[in-house]
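Colleague: here's a sequence, model it:
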Amino acid sequence: HQLNDSWTLICSDEDATTEIANVLGVRIKKLSGGGFDHSNIIFVIGTNGVIAHKQEGLGGEPIETIAAIKSLQQ
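Modeller: Next comes the predicted model:
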(Lines give C-alpha, C1' and ligand atoms only; values in the text may rest on other atoms or scores of the structure.)
Protein backbone atom coordinates (compact mmCIF):
# COMPACT_ATOMS: atom_id res chain seq x y z
CA HIS A 1 0.00 0.00 0.00
CA GLN A 2 3.08 2.26 -0.03
CA LEU A 3 2.33 3.80 3.40
CA ASN A 4 4.85 5.96 5.22
CA ASP A 5 5.97 5.70 8.86
CA SER A 6 3.07 7.80 10.17
CA TRP A 7 0.65 4.85 9.81
CA THR A 8 -0.01 2.24 12.51
CA LEU A 9 -1.65 -0.88 11.13
CA ILE A 10 -3.34 -3.68 13.00
CA CYS A 11 -4.23 -7.17 11.89
CA SER A 12 -6.07 -10.18 13.22
CA ASP A 13 -7.06 -13.67 12.24
CA GLU A 14 -10.13 -14.37 10.10
CA ASP A 15 -12.40 -15.31 13.02
CA ALA A 16 -11.65 -12.12 14.95
CA THR A 17 -12.06 -10.01 11.82
CA THR A 18 -15.43 -11.61 11.08
CA GLU A 19 -16.55 -11.09 14.68
CA ILE A 20 -15.69 -7.38 14.80
CA ALA A 21 -17.26 -6.86 11.36
CA ASN A 22 -20.48 -8.46 12.63
CA VAL A 23 -20.47 -6.38 15.81
CA LEU A 24 -19.97 -3.16 13.83
CA GLY A 25 -22.39 -4.08 11.05
CA VAL A 26 -19.69 -4.11 8.37
CA ARG A 27 -20.46 -6.38 5.43
CA ILE A 28 -17.52 -8.42 4.17
CA LYS A 29 -17.05 -10.70 1.19
CA LYS A 30 -14.08 -13.00 0.72
CA LEU A 31 -12.33 -12.73 -2.63
CA SER A 32 -10.77 -15.64 -4.48
CA GLY A 33 -7.30 -14.06 -4.24
CA GLY A 34 -7.32 -14.16 -0.43
CA GLY A 35 -8.41 -10.59 0.27
CA PHE A 36 -11.88 -9.26 0.91
CA ASP A 37 -14.25 -6.46 0.01
CA HIS A 38 -16.02 -4.58 2.79
CA SER A 39 -18.45 -1.76 3.49
CA ASN A 40 -17.03 1.75 3.23
CA ILE A 41 -17.29 2.79 6.87
CA ILE A 42 -14.76 4.51 9.10
CA PHE A 43 -15.16 4.08 12.86
CA VAL A 44 -13.39 6.20 15.46
CA ILE A 45 -13.32 4.11 18.64
CA GLY A 46 -12.17 5.51 21.97
CA THR A 47 -9.86 3.71 24.38
CA ASN A 48 -12.96 2.68 26.34
CA GLY A 49 -14.21 0.73 23.31
CA VAL A 50 -17.13 3.08 22.63
CA ILE A 51 -17.73 4.32 19.08
CA ALA A 52 -17.01 8.06 19.10
CA HIS A 53 -17.85 8.63 15.43
CA LYS A 54 -18.91 6.75 12.31
CA GLN A 55 -18.47 7.96 8.72
CA GLU A 56 -20.18 6.02 5.96
CA GLY A 57 -19.43 6.07 2.24
CA LEU A 58 -16.65 7.36 0.08
CA GLY A 59 -15.97 10.89 -1.01
CA GLY A 60 -17.46 12.59 2.03
CA GLU A 61 -15.66 15.39 3.81
CA PRO A 62 -13.69 13.98 6.76
CA ILE A 63 -14.12 17.11 8.92
CA GLU A 64 -16.25 15.39 11.59
CA THR A 65 -14.06 12.28 11.57
CA ILE A 66 -10.91 14.36 12.07
CA ALA A 67 -12.58 16.31 14.87
CA ALA A 68 -13.57 13.05 16.58
CA ILE A 69 -10.00 11.76 16.38
CA LYS A 70 -8.59 15.01 17.74
CA SER A 71 -11.08 15.00 20.62
CA LEU A 72 -9.79 11.58 21.71
CA GLN A 73 -6.19 12.82 21.70
CA GLN A 74 -6.89 15.41 24.40
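
Colleague: could you pull out the strands in the chain for me?
Modeller: 28-30, 36-38, 41-45, 51-56 (DSSP state E).

Colleague: make JSON lines out of those strands and add mean pLDDT, distance to Ala16 and mean neighbour count.
Modeller: All C-beta spots, glycine's among them, are computed from the backbone N, C-alpha and C. Listed next are the strands of the chain as JSON lines, based on pLDDT from 0 to 100; distance: least, CB to CB, whole Å; neighbours: other CB atoms under 10 Å:
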{"stretch": "strand 28-30", "mean pLDDT": "90", "distance to Ala16": "12", "mean neighbour count": "11"}
{"stretch": "strand 36-38", "mean pLDDT": "89", "distance to Ala16": "14", "mean neighbour count": "12"}
{"stretch": "strand 41-45", "mean pLDDT": "93", "distance to Ala16": "15", "mean neighbour count": "15"}
{"stretch": "strand 51-56", "mean pLDDT": "94", "distance to Ala16": "18", "mean neighbour count": "14"}
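
Colleague: got the phi/psi numbers for the residue in the chain sticking out farthest from the centre?
Modeller: Distance from the centre of the chain peaks at Ser32, with 22.2 Å (CA atoms, centre = their mean). Taking degrees, to the nearest 10, you get phi -60, psi -20 for the backbone angles of Ser32.

Colleague: where are the low-confidence patches of the protein?
Modeller: 1 (pLDDT under 70).

Colleague: make it 80
Modeller: Along the chain, the parts satisfying pLDDT under 80 run over 1, 74.

Colleague: helices of that one, start to end?
Modeller: Using DSSP state H, the helices found in the chain span residues 14-24, 63-72.

Colleague: these: which one's closest to Val50?
Modeller: Val50 sits nearest to helix 63-72 of all those, at 10.3 Å, using CB to CB.
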